[in-house]
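*Asks:* missing the sequence, but the structure's below:
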């Protein structure tokens with residue numbers, strides 16, 4: 001099915017036709033992961049209420065949890081003011097990150113603020 005034209009016209013896609021998707025846990029509000037969506041992935045996500053993304057490395061639609069079982073049930077979807085990012089609020093089953101961690105931000109850790117800042 002094509003993406004609803006009212007939604008499609010509001011999106012600002014990158015040169016590859018993708019929009020950034022920020023995925024947040026519905027209960028804790030913690031950011032679990034960041035992914036990319038094309039129109040087909042966004043349409044399927046909105047229609048099925050399941051996290052569906054576009055894999056840039058495989059150049060194909062990727063249904064979260066299809067092989068791992070770590071699915072995302074989407075309970076909310078919002079578009080930012082510029083139309084270049086989608087916020088999905090999800091109920092996550094199992095870890096969200098491909099590393100096996102709950103969040104893709106667990107391993108990377110905090111960055112030091114003020115480093116290299118001009119005086």
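*Replies:* That came through, no problem. The structure presented is a predicted model; accordingly, all values stated were derived computationally and were not measured.
*Asks:* mind checking which helix or strand the spatially most central residue of the chain is in?
*Replies:* Computing the C-alpha centroid of the chain and ranking residues by C-alpha atoms, centre = their mean puts residue 21 first, at 3.1 Å. Secondary structure assignment for residue 21, by DSSP states H and E: strand 19-25.
*Asks:* that strand: how far from the chain's middle?
*Replies:* Put simply, strand 19-25 sits 3 Å off its chain's centre (C-alpha atoms, centre = their mean, to the nearest Å).
*Asks:* average pLDDT for that strand, rounded please.
*Replies:* Strand 19-25 comes out with an average pLDDT of 98.
*Asks:* max-length helix in the chain?
*Replies:* Secondary structure assigned by DSSP state H gives helix 39-48 as the longest helix of the chain.
*Asks:* so which bits of that one are buried?
*Replies:* 39, 41-46 (16 or more other C-beta atoms under 10 Å). All C-beta spots, glycine's among them, are computed from the backbone N, C-alpha and C.
*Asks:* also stretch 80-89?
*Replies:* Buried residues in stretch 80-89, counted by 16+ other C-beta under 10 Å: 85-86, 88-89.
*Asks:* one step back: quick one: residues contacting the residue nearest to the centre of the chain.
*Replies:* Counting by C-beta atoms under 8 Å, 6 or more residues apart in numbering, residue 21 touches 34-37, 42, 53, 85-88.
*Asks:* just list whatever residues bridge to it.
*Replies:* Beta bridges link residue 21 to residue 35, residue 86 when assigned by DSSP bridges.
*Asks:* measure it to residue 115 for me?
*Replies:* Residue 21 sits 29 Å away from residue 115, going by C-beta to C-beta, to the nearest Å.
*Asks:* roughly how far out does stretch 84-91 sit from the chain middle?
*Replies:* For stretch 84-91, the distance to the chain centre is 6 Å (C-alpha atoms, centre = their mean).
*Asks:* same question, stretch 60-68
*Replies:* Computed by C-alpha atoms, centre = their mean, the chain-centroid distance of stretch 60-68 equals 13 Å.
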